[in-house]
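> need coordinates for the following:
(one chain, ligands or ions: 2)
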Amino acid sequence: MPFELLLPDEMAACDRRAIATGPFDGYQFMQRAGAAVAAIVLERFPAASRVDVLCGPGNNGGDGYVVAELLRRSGVDVAVYAEGPPRDGSDAALAAADCKVWPQPLAAFAPSAGGLVVDAVYGAGLARPVGGAARRAMESVRTAGVPVVAVDLPSGVSGATGEILGETFQAAVTVTFVRKKPGHLLQPGRTACGEVVVADIGIGEDIVAAAGATCFENGPELWKSRFPRPAVDSHKYSRGHVAVFSGAASATGAARLSALAAARAGAGAVTLLSPSEALAANAAHLTSIMLRKADTREEALAFFADRRPAAFVYGPGLDASAETGRLLFELIDRLPRPLPAVVDASALTSLAAEPGLLAGPFGGRAADLVITPHEGEFGRLFPDLRKIPSKLERARRAADRVEATVVYKGPDTVIAAPDGRAAINANGTPWLATAGSGDVLSGIVAGFLAQGMPGFEAACAGVWIHAEAARRFGPGLIAEDIPGELPAVLRDLLD
Ligand SMILES: NC(=O)C1=CN([C@@H]2O[C@H](COP(=O)(O)OP(=O)(O)OC[C@H]3O[C@@H](n4cnc5c(N)ncnc54)[C@H](OP(=O)(O)O)[C@@H]3O)[C@@H](O)[C@H]2O)[C@@H](O)CC1
Ligand SMILES: [K+]
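Numbers count the residues shown, from 1 in each chain. Ligands and ions are numbered 1, 2, ... in the order given. Next up, the predicted model:
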């Protein structure tokens, strides 16, 4: 599978399997890793007056000794500062023995203006918060503003969770090996990494596949094969009909944003179900979107029986009362057939008031349920999961609990499926932090669901495409702009 993100234990399993099957041994992989880092240093920082390589006691430090020796041979003015010697018999000890740059204690390190730091203190083996000389080195480098190239991960960043344990370096470039790790994409790790370069060190695709990774970087390769293309003989309803529930007269915009986005995402028809008091407001702003009065659960159910939409959106612009949650539950319970749905915004808060509604059976009754909480909504829905440090793990637990695809929004949106798959999104842009952009996302996902995409793929595609549209628009973006950017993004995907 493409775009796998390897957890540290999956990476270690790849490493062991690769060494066992040959032809390279552990020290040769280390030499290849160090060579990849040295090449980046020479390419990106040719004018650095000197390079200080900071080496920890494990194999991350081993990579550092390889880098130092290669830079020395290239004529670079290089120094090594070590936090203790490598363990006897380790690959790192071999690398230290082959390095002709005499190590000084890490405590003696001070950054030099015009220089570069190579951070090879801790990588995948980070085991506890960083302290002592390593922490002081991080603080002095930060203050001096000297650029840093990190080996595998900036020391202090957890590869599994993206958390910073104690302190870290702010890297300009992070060179990792074989595949990215979740910590390269989850915040705050992602920011600390700077640019991430993945180096091939000769661990084969078959070995990566055998690791059985279930977490991926979100991107078209993950869902393109399930992406809807209208058939030549499509008609508007066969392309998928989306229903969107509108809020009251004073809160109709959110549902209209969602409806327009569903249509732009390719749904053949979109109907707004509106309370009668909001019909005039909605009618004044709609052209291709259909409008239907639905004041009661019975009227909504009659619409579902009669017009048979393929998916619906429930949440944008609704109020957050417990009644909103109960209505959704009764609707899902009494639908003529299970339907894919996106539940968002206030509806999520309303469900938090009655957690029982969101327990397993709720998801089980929807064909493909996608919920899209941001941090605050997630915390209200799953208060007991808040203490889990990994956003990836929190999303996975939530998806398992509600038997739904969870889109856990933020600058590092995580999409988790109830079958254990997860994706981390990395093409977001700060311009997306604008009112109504979540309503647009719900509509896009529903548009894909209505065209037959499964929940996880529809959610991943929706998140990536939504961010891509916002990125292309750039400064000044408001939610209304996103649907209009979708055709260009879709055209590039379908070409
Ligand atoms: N996998 C691969 O394919 C390849 C991997 N390669 C490289 O190996 C790296 C992983 O090496 P690794 O397993 O030796 O772990 P590493 O990050 O050096 O740290 C372990 C040491 O640090 C110590 N320590 C930890 N935290 C600490 C703290 N806060 N404060 C103080 N000490 C702390 C810890 O001490 P201990 O917990 O044992 O007391 C132990 O001594 C990986 O990131 C990559 O760069 C490449 O060579 C190519 C192929
Ligand atoms: K490091």
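
> pLDDT-wise, which helix or strand of the protein ranks last?
When each helix and strand of the chain is scored by mean pLDDT, DSSP states H and E, helix 360-365 comes last, with a mean of 53.

> packing partners of the helix or strand that that helix is followed by?
Tracing the chain past helix 360-365, the next element assigned as helix or strand by DSSP states H and E is strand 369-371. If you count contacts as 3 or more Cβ pairs under 8 Å, 6 or more residues apart in numbering; DSSP states H and E, strand 369-371 packs onto strand 341-343, strand 405-408, helix 455-473. No exception for glycine: its C-beta is placed from N, CA and C like everyone else's.

> what's the average pLDDT for strand 369-371?
For strand 369-371, mean pLDDT is 93.

> strand partners (parallel or antiparallel) of it?
Counting by DSSP bridges, the strands paired with strand 369-371 are strand 341-343 (parallel), strand 405-408 (parallel).

> of all those, which lies closest to residue 76?
strand 405-408 (43.8 Å; Cβ to Cβ).

> what's the closest one in contact with?
368-373, 375, 378, 391, 394-395, 398-399, 413-418, 441, 445, 455-456, 458-459, 462-463 (Cβ atoms under 8 Å, 6 or more residues apart in numbering).

> let's go with 6 Å and repeat that
With contacts defined as Cβ atoms under 6 Å, 6 or more residues apart in numbering, strand 405-408 is touched by 370-372, 378, 395, 398-399, 414-417, 455-456, 459.

> before we move on, the earlier item: hey, which of the helices and strands packed on strand 369-371 is tucked in deepest?
Highest mean neighbour count of those: strand 341-343, a mean of 32 (counted as mean count of other Cβ atoms under 10 Å).

> for whichever helix or strand comes after that one, name the packing helices and strands.
The element immediately downstream of strand 341-343 (helix or strand, assigned by DSSP H and E) is helix 345-352. Packing partners of helix 345-352 (3 or more Cβ pairs under 6 Å, 6 or more residues apart in numbering; DSSP states H and E): helix 322-334, helix 375-381.

> between helix 345-352 and helix 322-334, how many degrees?
Counting by axes from the mean of the first three to the mean of the last three Cα atoms, to 10 degrees, helix 345-352 points 90 degrees away from the direction of helix 322-334.

> from the chain's centre, how far out does helix 345-352 sit?
Distance of helix 345-352 from the chain centroid (Cα atoms, centre = their mean, to the nearest Å) equals 23 Å.

> what mean pLDDT does it get?
According to the model, helix 345-352 has a mean pLDDT of 88.

> so what touches it?
For helix 345-352, the external contacting residues (Cβ under 6 Å, 6+ apart) are 314-316, 318-322, 324-325, 357-358, 373, 377, 380-381.

> and for stretch 188-202?
24, 29, 32-33, 36, 154, 157, 162, 164, 168, 170-177, 180, 183-184.

> kindly report the same for stretch 371-388.
343-344, 348-349, 352, 394, 397-398, 404, 406-410, 442.

> which one of those is nearest to ligand 1?
Taking Cβ to the nearest ligand atom as the measure, ligand 1 lies nearest residue 394 of those, at 23.7 Å.

> that closest one: neighbouring residues, count only.
A total of 21 residues lie near residue 394 under the criterion other Cβ atoms under 10 Å.

> need the contact list for it.
Going by Cβ under 6 Å, 6+ apart, the list of residues near residue 394 reads 385, 388.

> now it: which helix or strand?
helix 391-402.

> and the residue nearest the centre of this structure?
residue 424 (2.1 Å; Cα atoms, centre = their mean).

> nearest residue to it other than its sequence neighbours?
Of all residues not flanking residue 424 in the chain, residue 185 sits nearest, at 4.3 Å (Cβ to Cβ, 6 or more residues apart in numbering).

> from the stretch 351-495 of the chain, which residue is nearest to ligand 1?
Closest point on the stretch 351-495 of the chain to ligand 1, by Cβ to the nearest ligand atom, is residue 389, at 15.5 Å.

> need the three-state assignment for that residue.
Put simply, residue 389 is coil when judged by DSSP: H, G, I helix; E, B strand; the rest coil.

> got JSON lines for the helices and strands packed on strand 369-371, with distance to ligand 2 too?
What follows is the helices and strands packed on strand 369-371, written out as JSON lines (distance: least, Cβ to the ion, whole Å):
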{"stretch": "strand 341-343", "distance to ligand 2": "40"}
{"stretch": "strand 405-408", "distance to ligand 2": "28"}
{"stretch": "helix 455-473", "distance to ligand 2": "29"}
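
> got JSON lines for the ones you listed, with distance to residue 105 too?
As requested, these are exported to JSON lines (distance: least, Cβ to Cβ, whole Å):
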{"stretch": "strand 341-343", "distance to residue 105": "57"}
{"stretch": "strand 405-408", "distance to residue 105": "43"}
{"stretch": "helix 455-473", "distance to residue 105": "45"}
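
> tell me if I'm right that residue 78 and residue 70 touch.
No - between residue 78 and residue 70 there is no contact under Cβ atoms under 6 Å: 9.2 Å.

> and the strands paired with strand 369-371: which comes nearest residue 280?
Using Cβ to Cβ, the strands paired with strand 369-371 put strand 341-343 closest to residue 280, at 26.2 Å.

> what does the closest one rub up against?
Outside strand 341-343, the residues touching it (Cβ under 6 Å, 6+ apart) are 312, 313, 314, 315, 366, 369, 370, 371, 442, 445, 446.

> what's the lowest-pLDDT member of the residues you listed?
Ranking the contacts of strand 341-343 by pLDDT, residue 366 lands last with 65.

> close to ligand 2, is stretch 165-176?
No - Stretch 165-176 lies out of reach of ligand 2 by Cβ under 5 Å from the ion, never closer than 7.7 Å.

> what about that stretch, distance to the chain center?
19 Å.

> how near is the nearest residue to residue 396 once chain neighbours are set aside to ligand 2?
Leaving aside its chain neighbours, residue 396 sits nearest to residue 416 (4.7 Å; criterion: Cβ to Cβ, 6+ apart). Plainly put, residue 416 is 28 Å away from ligand 2 if you go by Cβ to the ion, to the nearest Å.

> show me which residues of the stretch 51-200 of the chain sit near ligand 1.
56-63, 122-130, 151-152, 177 (Cβ under 6 Å from any ligand atom).

> for the protein, what are the low-confidence residue spans?
1-2, 355-366 (pLDDT under 70).

> now the residue nearest to the centre of the chain: how far from residue 415?
Residue 424 sits 8 Å away from residue 415, going by Cβ to Cβ, to the nearest Å.

> over to residue 35?
36 Å.

> neighbour count winner among the two?
residue 415 (32 against 16).

> so what's the more buried one up against?
Applying Cβ under 6 Å, 6+ apart, the residues near residue 415 are 407, 423, 459, 460.

> pull the most distant pair out of those residues.
Farthest pair in the contacts of residue 415, by Cβ to Cβ: 407 and 423, 9.8 Å.

> burial count for residue 396?
24.

> that one contacts residue 418, correct?
No - assessed by Cβ under 6 Å, residue 396 is found out of contact with residue 418, at 9.3 Å.

> okay, domains of the chain per the record?
Per the record, the chain has its domains at 8-213, 220-494, by automatic domain parsing.

> tell me the residues of this structure that contact ligand 2?
Residues of the chain lying near ligand 2 (Cβ under 5 Å from the ion): 119, 123, 150, 151, 155.

> closest one of these to residue 140?
Distances from residue 140 to the residues of the chain next to ligand 2, taken by Cβ to Cβ, are shortest for residue 119, at 12.8 Å.

> point me to the residue of the stretch 151-300 of the chain nearest ligand 1.
Closest point on the stretch 151-300 of the chain to ligand 1, by Cβ to the nearest ligand atom, is residue 152, at 3.6 Å.
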